[in-house]
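Novice: Fold the stuff below for me.
(one chain, ligands or ions: 1)
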Amino acid sequence: MNTHLEKSETQSPSTWKTENICGWGRYPKLRALSTHSETMDAFKASFQDLIHERSHGLVYAHGRSYGDSCLPAQGGRVLHSRQLNRILNFDEESGWVHCETGVSIYELIQKFLPLGFFPPVVPGTQFVTVGGALCNDIHGKNHHHDGTFADHVRKVEILTASGELIYCDADHNSELFWATVGGLGLTGLILSMELKLTPVAGPGIKMESIKVKNLDHFFELSSESSHFTHTVSWIDCVAKGSAMGRGIFMRGRHCNESPKPRALGRIAQAISPILNVPFSMPNLMLNPLSIKAFNALYYGKHPKADLHQTVSYEPFFFPLDFVKNWNRIYGRRGFLQYQMVVPKTEDNHAIRSILNEITQSGMGSFLAVIKEFGERQHQGLSFPAPGVTLALDFPNYGQELLDLFNRLDQIVIKAGGRVYLGKDARLSKEHFQAMYPEWADWKKVKDQWDPDGIFRSSIGERLGLC
Ligand SMILES: Cc1cc2nc3c(=O)[nH]c(=O)nc-3n(C[C@H](O)[C@H](O)[C@H](O)COP(=O)(O)OP(=O)(O)OC[C@H]3O[C@@H](n4cnc5c(N)ncnc54)[C@H](O)[C@@H]3O)c2cc1C
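Specialist: Take a look at the predicted model:
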């Protein structure tokens, strides 16, 4: 059912203020006029301001995108959505929840885990909204089992640039739906959606962690773990030679046993409310030496024998959430993440070349994870594709780092892979078009629904999408 926005729905006045704004990597930063809406009517009214003033803008949810995909284009405005967090309906029989766009994964877990339900796909932090999750078509540790966020969504309610309210999903207005999935917020204003929660027996995750000797060992473990719903491996990306790819492999599934946190886990949970990085750390804190030391220490502390335990979902899915504002440890310069996926091959040459390129550059990554995606892939700008994904955080070393990323792009393009736009802050238009050959089809849908370019972002401008 499609309807038009009524004038009476848009009367509440919006307050616009200038603010500094950035994504989770704190690079780049910009100043923009922004407004916080507490009700859906106010959200729609702010959108009407854009139209009346012939301006343009973008929704900013929890800002957990790393780079500039949640930032408006030059001179654009920001519509904050996180207060639009009402649950509108829940069907206990089927697990379908109807909610506003600003409802977060955290809020869904708090409300529905006690009733025996969990979000179907979660990223490495619970502080993301359902709107943000759809616009980056997020994946979790269960991609090989459950696909992406979009695979569990229906009846997405979108306010398009022309003021039309459209409901879309894989079966209705499907062109608009698939352009919105991973579409970086550029197709319209998402107001609400329905999401199918997964029934679970409780908060426990039965997990195993295994010390990985090298890349070959990682691929062996990954192949033999496909019956686990969730898998991921931390990787020491500083290790060279025969140790290249060493790390800690984690696999697990929801279970009905109560979690038994080990002493360290109990302490972390108890002090988590006060763990906070209150201000930007000095840039020198994270340098190639401290990063190398951290990687060696983290690898060394895991016992040689495999660990089997039942843990709470929080340390399993969201270990970084225990420290608030952990992104400040990178200092004022911020940090960049490079996440790519390449098809799996016999010798996994591309992954080895990427790790080689990184060790040779001397710019280590503090946090790096590797995972094999499953077969599920969506059209348009959605990132996940069959193959191996590697995600690496680097302090913002400036031009030297950008040069390294450009060299990594060449390897990824040659291997037929792509980088994750929701984590990007620097990809060139030329490299983007080589990685996402379907971009032109996506753009046709964007132009059809937003011919005047009301929805514009910093990344969208850089990549020629708006
Ligand atoms: C610690 C950490 C771990 C992470 N782990 C993963 C992971 O494992 N897998 C993964 O896929 N991602 C991961 N991410 C990235 C994160 O899941 C995505 O960037 C997510 O989209 C952020 O959601 P958000 O609510 O913060 O949205 P924002 O970052 O604020 O916005 C994301 C996009 O959605 C658009 N948008 C949001 N709401 C609306 C709306 N109502 N209407 C129109 N457009 C809208 C915005 O304009 C923007 O383009 C991680 C991020 C962090 C910080």
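
Novice: Quick one: name the residues of the protein near the ligand.
Specialist: Residues of the chain lying near the ligand by CB under 6 Å from any ligand atom: 24, 58-65, 69-70, 81, 101, 123-125, 128-129, 131-133, 135-136, 138-140, 184-185, 189-190, 320, 422, 457. Quick note: C-beta positions are derived from backbone N, CA and C, even for glycine.

Novice: Could you list which of these belong to strands?
Specialist: 58-60, 189-190 (DSSP state E).

Novice: follow-up on the earlier one: go through the residues of the chain next to the ligand and flag which are in helices.
Specialist: If you go by DSSP state H, those have 131-133, 135 in helices.

Novice: Below-threshold pLDDT in this protein: ranges please.
Specialist: By pLDDT under 70, the weakly predicted segments of the chain are 1-13, 261-275, 281-285.

Novice: Dead centre of it: give me the residue that sits there.
Specialist: By CA atoms, centre = their mean, the mean C-alpha position of the chain lies nearest to I138, the distance being 5.2 Å.

Novice: residues in contact with the residue in the stretch 151-300 of the chain positioned nearest to the ligand?
Specialist: Residue nearest to the ligand within the stretch 151-300 of the chain: G185 (2.5 Å; CB to the nearest ligand atom). G185 makes contacts with 58-59, 69-70, 131, 135, 455, 457, as judged by CB atoms under 8 Å, 6 or more residues apart in numbering.

Novice: follow-up on the earlier one: check the ones in helices among the residues of the chain next to the ligand against K301 and report the nearest one.
Specialist: A133 (32.6 Å; CB to CB).

Novice: pretty sure the closest one is touching T125, no?
Specialist: No. The criterion here is CB atoms under 8 Å, and A133 misses it with T125 at 11.0 Å.

Novice: Which one's more surrounded, these two?
Specialist: A133 (30 against 18; other CB atoms under 10 Å).

Novice: now that one: how far from L108?
Specialist: From A133 across to L108, the span is 10 Å (CB to CB, to the nearest Å).

Novice: Next: I21.
Specialist: Relative to L108, and taking CB to CB, I21 is found at 25 Å.

Novice: more crowded one of these two?
Specialist: Taking neighbours as other CB under 10 Å, I21 and L108 compare with L108 leading, 22 against 18.

Novice: Return stretch 366-376 as CSV; C-alpha atoms alone will do.
Specialist: Provided in CSV are the C-alpha atoms of stretch 366-376 (Å, rounded to 0.1, in the frame of the first residue of the first chain):
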residue,chain,number,x,y,z
PHE,A,366,45.4,-3.5,16.4
LEU,A,367,42.2,-5.5,15.8
ALA,A,368,41.8,-7.9,12.8
VAL,A,369,39.2,-10.5,12.1
ILE,A,370,38.8,-13.1,9.4
LYS,A,371,35.7,-15.1,8.5
GLU,A,372,34.4,-17.2,5.6
PHE,A,373,31.0,-15.9,4.3
GLY,A,374,28.3,-18.3,3.1
GLU,A,375,26.8,-18.3,-0.3
ARG,A,376,24.1,-15.7,0.2
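
Novice: all helices for the protein, in order.
Specialist: Counting by DSSP H, the helices of the chain are 40-52, 105-112, 130-135, 143-146, 174-180, 215-224, 263-271, 288-301, 313-317, 349-361, 399-414, 429-435, 439-449, 458-462.

Novice: Which elements pack onto the first one?
Specialist: So the one you mean is helix 40-52. strand 77-80, strand 189-196 (3 or more CB pairs under 8 Å, 6 or more residues apart in numbering; DSSP states H and E).

Novice: hmm, try it at 7 Å
Specialist: strand 77-80 (3 or more CB pairs under 7 Å, 6 or more residues apart in numbering; DSSP states H and E).

Novice: Check the third one too.
Specialist: In terms of contact count using 3+ CB pairs under 7 Å, 6+ apart, helix 130-135 is assigned the packing partners strand 189-196.

Novice: Adjacent strands (with direction) for the strand it packs on?
Specialist: Its sheet considered, strand 189-196 pairs with strand 96-100 (antiparallel), strand 153-159 (antiparallel) by DSSP bridges.

Novice: now the first one and helix 105-112, what's the angle there?
Specialist: Here strand 96-100 runs at 130 degrees with respect to helix 105-112, directions being taken by axes from the mean of the first three to the mean of the last three CA atoms, to 10 degrees.

Novice: can you pull the contacts of L381?
Specialist: Neighbour list for L381: 182-184, 421, 436, 442 [criterion: CB atoms under 7 Å, 6 or more residues apart in numbering].

Novice: What subset of those is buried?
Specialist: 182-184, 421, 436, 442 (16 or more other CB atoms under 10 Å).

Novice: For these, could you give me a markdown table that also reports distance to D236?
Specialist: Below are the buried ones among the contacts of L381 laid out as a markdown table (distance: CB to CB, whole Å):
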| residue | distance to D236 |
| --- | --- |
| G182 | 30 |
| G183 | 35 |
| L184 | 32 |
| L421 | 27 |
| Y436 | 30 |
| W442 | 37 |
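
Novice: Tell me which residues touch the residue nearest to H145 when sequence neighbours are not counted, please.
Specialist: Nearest residue to H145 in three dimensions, chain neighbours excluded: T229, at 4.7 Å (CB to CB, 6 or more residues apart in numbering). Contacts for T229 (CB under 7 Å, 6+ apart) come out as 142, 145, 253.

Novice: Neighbour-wise, give me the winner out of the residues you listed.
Specialist: Within these, most neighbours by other CB under 10 Å means N142, with 23 neighbours.

Novice: Quick check, that residue in contact with V232.
Specialist: No. At 9.6 Å, N142 does not count as touching V232 under the criterion of CB atoms under 7 Å.

Novice: Any idea how many residues pack against S242?
Specialist: 11.

Novice: Does it touch N214 like I think?
Specialist: Yes. In this structure, S242 is within contact of N214 by CB under 7 Å, at 6.1 Å.

Novice: number of nearby residues for D91?
Specialist: 12.

Novice: beta partners of the closest residue in space to it that isn't next to it in sequence?
Specialist: Spatially, and ignoring its direct neighbours in sequence, D91 is nearest to V97 (7.8 Å; CB to CB, 6+ apart). V97 has these beta-bridge partners by DSSP bridges: F90, L195.

Novice: residues touching V97, list them.
Specialist: When contacts are taken as CB under 7 Å, 6+ apart, V97 is in contact with 87, 90, 112, 194-195, 197.

Novice: Put the buried members of those residues into a ChimeraX selection.
Specialist: To isolate the buried ones among the contacts of V97 in ChimeraX, judged by 16+ other CB under 10 Å, type:
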select :90,112,194,195,197
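
Novice: Of the contacts of V97, which pair is most distant in space?
Specialist: Pairwise distances across these peak at 13.6 Å for F112 and E194 (criterion: CB to CB).

Novice: All set, thanks.
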